[in-house]
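>>> Attaching a predicted model along with its sequence, questions to come.
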Amino acid sequence: MADVKTNRDISLAMLRDTDRDRYLACLLSPEAKRSALAALYAFNAELARIRDLVHEPLPGEIRMQYWRDLLEGNAHGSTEANPLAAALLTAVETHRLPRQTLVNMIEARIFDLYDDPMESRTSLEGYAGETASALIQLASLVLSPQDATKSADAAGHAGVAQAISGMLLLMPLHQRRGQVYIPLEILSATGLDRETFLAGTDKPRISAAIEAFAGLGRDHLAKARASALSPVIVPAFLPVALAEPVLVKAQKRGAAVLEGSLQEPQWRRQMRMALAGMRKKI
């Protein structure tokens, strides 16, 4: 008899292929919560990779509209035809997750489809809040609704730190595309604008901008760590444990970030998350 894969199996397989770090974080979570977490994380990965799959913004917006319609009750056809969609709706209904938070996540991700610069630190924190921070908070709700309400502030700061580290990891790719996630106010403070940053020739000023950007991430990480987290929701924060090495390296390397990878080997990232899980802190 053929092996019948469940929606959870499919979500986990998708997550393993698209976001290996959150896949491990899912496996380090309580078994009973993995279905919902896998669906949330795979959904996030699906949104994050849309820019990689399209050549123009409009097809990307159409893909995002599919998910928006699904969450707003206007699904196109049977959701059972899309295992991830079915798994996501099951997670939302089982754990009473706020659909508007997921819709806001989609809206924020539209920014990724275009090459408009990030205007300000406030804009950056808002983007991170509706993407990375929201994902942490949703995962916390799955793990423990009671404890999640107490960790909203920590999730907010952790998400900004995680988002900035992710932007630093992808900075060489973003530069090739003409995308700049460093806020214009940081670039301006170091004597740069979008075009001069993308040109990549003014190494001293680019280094100063990257150091300030990474420093902002470290500030938010310190604030997240200052909050006492319930051990029950620590699994939702495990991917944040990977942010500090990236932020520290970026501050040291400056403009060299544009020429090489800041990513640690997979085994080291796995070890960091496993240790964070055992210590119950990020």
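Ah, there it is. Every value quoted in this text rests on a predicted model; they were computed, and no experiment measured them.

>>> low-confidence ranges in the stretch 101-250 of the chain?
Low-confidence segments of the stretch 101-250 of the chain (pLDDT under 70): none present.

>>> Could you pull out the helices in it for me?
Assigned by DSSP state H, counting those that start in this stretch, the stretch 101-250 of the chain shows helices spanning 121-128, 134-143, 145-150, 152-169, 171-177, 184-189, 194-199, 203-225, 234-237, 243-253.

>>> Mean neighbour count and distance to residue 46 for these - can I get that in a markdown table?
Glycine gets a C-beta too; all of them are placed from N, C-alpha and C. Below are the helices of the stretch 101-250 of the chain laid out as a markdown table (neighbours: other CB atoms under 10 Å; distance: least, CB to CB, whole Å):
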| stretch | mean neighbour count | distance to residue 46 |
| --- | --- | --- |
| helix 121-128 | 18 | 18 |
| helix 134-143 | 25 | 12 |
| helix 145-150 | 14 | 23 |
| helix 152-169 | 24 | 16 |
| helix 171-177 | 16 | 18 |
| helix 184-189 | 17 | 29 |
| helix 194-199 | 17 | 28 |
| helix 203-225 | 20 | 25 |
| helix 234-237 | 26 | 19 |
| helix 243-253 | 20 | 22 |
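
>>> Tell me which residue is most central in the protein.
With distances taken as CA atoms, centre = their mean, residue 132 lies nearest the centre of the chain, 4.1 Å away.

>>> Not counting sequence-adjacent ones, nearest residue to that residue?
residue 159 (3.7 Å; CB to CB, 6 or more residues apart in numbering).

>>> from memory that neighbour sits against residue 140, does it?
No - judged on CB atoms under 8 Å, residue 159 makes no contact with residue 140 at a distance of 11.2 Å.

>>> between the two, what contacts are shared?
In terms of CB atoms under 8 Å, 6 or more residues apart in numbering, residue 159 and residue 140 are not both contacted by any residue.

>>> quick one: the residue nearest to the centre of the chain and residue 166 touch, right?
Yes - look at residue 132 against residue 166 with CB under 8 Å: they come within range, at 7.4 Å.

>>> Ends of stretch 249-258, what's the gap?
Counting by CA to CA, to the nearest Å, you get 12 Å between the two ends of stretch 249-258.

>>> Please list the outside residues in contact with it.
Contacts for stretch 249-258 (CB under 8 Å, 6+ apart): 168, 171-172, 175, 200, 203-204, 206-208, 210-211, 213-215, 218, 260, 262.

>>> at 6 Å what do you get?
168, 171-172, 175, 200, 203, 206-207, 210-211, 214, 262 (CB atoms under 6 Å, 6 or more residues apart in numbering).

>>> so who does residue 181 touch?
118, 167.

>>> one more time with 10 Å, if that's ok
Contact partners of residue 181, counting by CB atoms under 10 Å, 6 or more residues apart in numbering, are 111-112, 117-118, 124, 127-128, 163-164, 166-168, 170-171, 174, 213.
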